[in-house]
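> here is my input, please return the structure:
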Amino acid sequence: MCATDAAAVIEAIDRFVGAGYDTVYVHQVGPDQQRLADIAAADILPHYRTSR
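Residues are numbered from 1 along each chain as shown. Take a look at the predicted model:
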């Protein structure tokens, strides 16, 4: 799946978690690797830290 915002990534991860997966790999394809790291730190990882 391709996404440009954290909400879409979180929604996709939640579908995998709901299906029973306990490991999900996320990869940034393209030259701007820092963007994924920034979005993960600001939005994606905090979502999972607070939702458990």
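> and residue 42, what does it touch?
residue 6 (CB atoms under 8 Å, 6 or more residues apart in numbering). For every residue, glycine as well, the C-beta is placed using N, CA and C.
> just give the closest residue to the most centrally placed residue in the chain, not the sequence neighbours.
The centre of the chain sits closest to residue 9, judged by CA atoms, centre = their mean, with a distance of 4.4 Å. Setting aside the residues directly before and after it, residue 9 is nearest to residue 3 in space (CB to CB, 6 or more residues apart in numbering), at 5.0 Å.
> and the residue sitting furthest away from the middle of the chain, which of the three is it?
Distance from the C-alpha centroid of the chain, by CA atoms, centre = their mean, peaks at residue 31 (18.0 Å). At residue 31 the chain is in coil, as set by DSSP: H, G, I helix; E, B strand; the rest coil.
> local confidence estimate at it?
Predicted confidence (pLDDT) for residue 31: 92.
> for it, give me phi and psi.
phi -80, psi -20 (degrees, to the nearest 10).
> shaky segments in the protein?
50-52 (pLDDT under 70).
> state which helix of it is the longest.
For the chain, the helix with the greatest residue count under DSSP state H is helix 6-18.
> how about the residue nearest to the centre of the chain, what does it touch?
Residue 9 neighbours (CB under 8 Å, 6+ apart): 3, 26, 39, 44.
> quick check on those residues: which are buried?
By neighbour count, with 16 or more other CB atoms under 10 Å, those hold 39, 44 as buried.
> narrow the contacts of residue 9 to those in helices?
Reading helices off these with DSSP H, I get residue 39.
> could you redo the contacts of residue 9 as TSV and give each row distance to residue 19?
Output for these, formatted as TSV (distance: CB to CB, whole Å):
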residue	distance to residue 19
3	18
26	16
39	23
44	18
